[in-house]
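Visitor: Any chance you can model this:
(one chain, ligands or ions: 1)
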Amino acid sequence: MANTWWELQILCEPDLEESIFWRLESFGCRGTASETKENSCLVRGYLPQFQAQLLDLAALSLWLRQDALCVGLSVPTLHWQIIDEEDWSTSWKQHWQPQEIGDRFLINPAWLPLPISGDRLVIKLDPGVAFGTGAHATTQLCLESLEMRFAQVPPSFADVNAQKNDVVIADIGCGSGILSIGALLLGAKKAYAVDTDPLAVQSTNSNCILNDINAEKIVTAQGSVDVLAKLLEKPVDGIVCNILADVIIELVPQMSAIALPTTWAIFSGILLEQSKSVADALEKNGWVVATLWRRQEWCCLNVRRS
Ligand SMILES: C[S@@+](CC[C@H](N)C(=O)[O-])C[C@H]1O[C@@H](n2cnc3c(N)ncnc32)[C@H](O)[C@@H]1O
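Guide: The predicted model follows:
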């Protein structure tokens, strides 16, 4: 049987774009893209046909309606159609453009030529069906936090590069591998990347090859922190975890077990109103919340062990 996909097209007010992305992600969409249309925004989402029935699409339409009404914006329109796999990848790829993130990164779709000049660290990506194109605020907050983290070098360290090169990170919920690749480009020595979705692990592996990441610097596996803990030779220096507040809260004790007294961590995928419960869970497990960064309704917690 041919692989068929739903293409969902949502025409909305630009201020709704972020919440729609997140709705589509929770709905199971494997790829999302958006384009500006005069004063509105057209968001597209793609998911395998077998994952949703017409009734599910009707429910999605209602959620989108409620989300808009809650914030006093006009109700978006949702259209859907079935397309085959080849159309899905070409259709989505057409709408995804290079994107600068923070001061250091440029995300370049794998099928586009590289920029001719510039001093940004280029992450080449073909996320396939995995989350992590850099388009989502939560991924951006993590990359910007990593950038800050790798720029911070205590004055007592004479050899800046030696210090950076010693950093081993755990990337929990790696998706396309964007955060592991970002950390390695910033100078981390090694990344351990895990995801419960086997397609995400596949995507991380192929994106590491695409970015010429030395195979010794990246270890990937399907699973979560328990799997990662078994792969580690010793506790990690840094943790990045962009999942969802509930999952983070559940995983905090296991993440604490793979940390050193000096370990730092970056948590995202947290809605602003959920930040207190995540911070409480972290503090209960011996973490100190150093900063909270916010973008739209999302936030990212930068924490350290003591
Ligand atoms: C929001 S995406 C983040 C992808 C990428 N790290 C980024 O920042 O763009 C979350 C990822 O976490 C994975 N995931 C969900 N629950 C998980 C768990 N308990 N342990 C590990 N990965 C999980 C999902 O499959 C998904 O790929």
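Visitor: The residue lying closest to L301 once chain neighbours are set aside in helix, strand or coil?
Guide: Distance criterion C-beta to C-beta, 6 or more residues apart in numbering; nearest residue to L301, sequence neighbours excluded, is F267 at 4.6 Å. From N, CA and C alone the C-beta is placed, and that goes for glycine too. Of the three states, F267 takes strand under DSSP: H, G, I helix; E, B strand; the rest coil.
Visitor: Check the gap between F267 and W298 for me.
Guide: F267 is 11 Å from W298, where distance means C-beta to C-beta, to the nearest Å.
Visitor: more crowded one of those two?
Guide: More crowded of F267 and W298, by other C-beta atoms under 10 Å: F267, with 34 against 23.
Visitor: Am I right that the more buried one is in contact with I249?
Guide: No - in this structure, F267 is not within contact of I249 by C-beta atoms under 8 Å, at 9.9 Å.
Visitor: Keeping just the C-alphas, turn the helix or strand hosting Q81 into PDB.
Guide: Element membership for Q81, per DSSP states H and E: strand 77-84. Written as PDB, here are the backbone C-alpha positions of strand 77-84 (Å, rounded to 0.1, in the frame of the first residue of the first chain):
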ATOM      1  CA  THR A  77      -9.800  28.000   8.800                       C
ATOM      2  CA  LEU A  78      -8.700  24.400   8.500                       C
ATOM      3  CA  HIS A  79      -8.600  22.500   5.200                       C
ATOM      4  CA  TRP A  80      -7.200  19.000   4.700                       C
ATOM      5  CA  GLN A  81      -6.300  16.700   1.900                       C
ATOM      6  CA  ILE A  82      -4.600  13.400   1.300                       C
ATOM      7  CA  ILE A  83      -1.300  13.400  -0.500                       C
ATOM      8  CA  ASP A  84       1.200  10.700  -1.200                       C
END
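Visitor: chain center to stretch 41-57, what's the gap?
Guide: With C-alpha atoms, centre = their mean, to the nearest Å as the basis, stretch 41-57 stands 20 Å off its chain's centre.
Visitor: actually stretch 109-123, not the one I wrote
Guide: Distance, centroid of stretch 109-123 to centroid of chain: 19 Å (C-alpha atoms, centre = their mean).
Visitor: tell me, what's touching F267 and I249 both at once?
Guide: Common contacts of F267 and I249 (C-beta atoms under 8 Å, 6 or more residues apart in numbering): V278.
Visitor: where does the protein have its least confident helix or strand?
Guide: Least confident helix or strand, the chain: helix 160-164 with a mean of 50, by mean pLDDT, DSSP states H and E.
Visitor: hmm, whichever helix or strand comes after it in reach of the ligand?
Guide: Using DSSP H and E, the helix or strand that follows helix 160-164 in sequence is strand 168-172. Yes - with C-beta under 6 Å from any ligand atom as the criterion, the ligand is reached by strand 168-172 at I172.
Visitor: what does stretch 265-281 give?
Guide: Yes - residues of stretch 265-281 contacting the ligand under C-beta under 6 Å from any ligand atom: G269.
Visitor: how about the residues of this structure that lie near the ligand?
Guide: Going by C-beta under 6 Å from any ligand atom, the residues of the chain near the ligand are 130-132, 139, 142, 172-175, 178-179, 194-197, 200, 224, 242-243, 247, 269.
Visitor: Quick one, which of those residues are buried?
Guide: Burial by neighbour count, judged by 16 or more other C-beta atoms under 10 Å, picks out 130-132, 139, 142, 172-175, 178-179, 194-195, 197, 200, 224, 242-243, 269 from these.
Visitor: residue boundaries of the strands in the stretch 51-200 of the chain?
Guide: 77-84, 99-101, 105-109, 121-125, 168-172, 190-195 (DSSP state E, counting those that start in this stretch).
Visitor: Deepest in the core, which of those is it.
Guide: strand 168-172 (a mean of 27; mean count of other C-beta atoms under 10 Å).
Visitor: name the helices or strands packed onto that one?
Guide: helix 178-186, strand 190-195, helix 225-231, strand 236-242, helix 245-257 (3 or more C-beta pairs under 8 Å, 6 or more residues apart in numbering; DSSP states H and E).
Visitor: got any ranges where the stretch 1-150 of the chain has weak pLDDT?
Guide: 1-2, 88-89, 91-92, 127-131 (pLDDT under 70).
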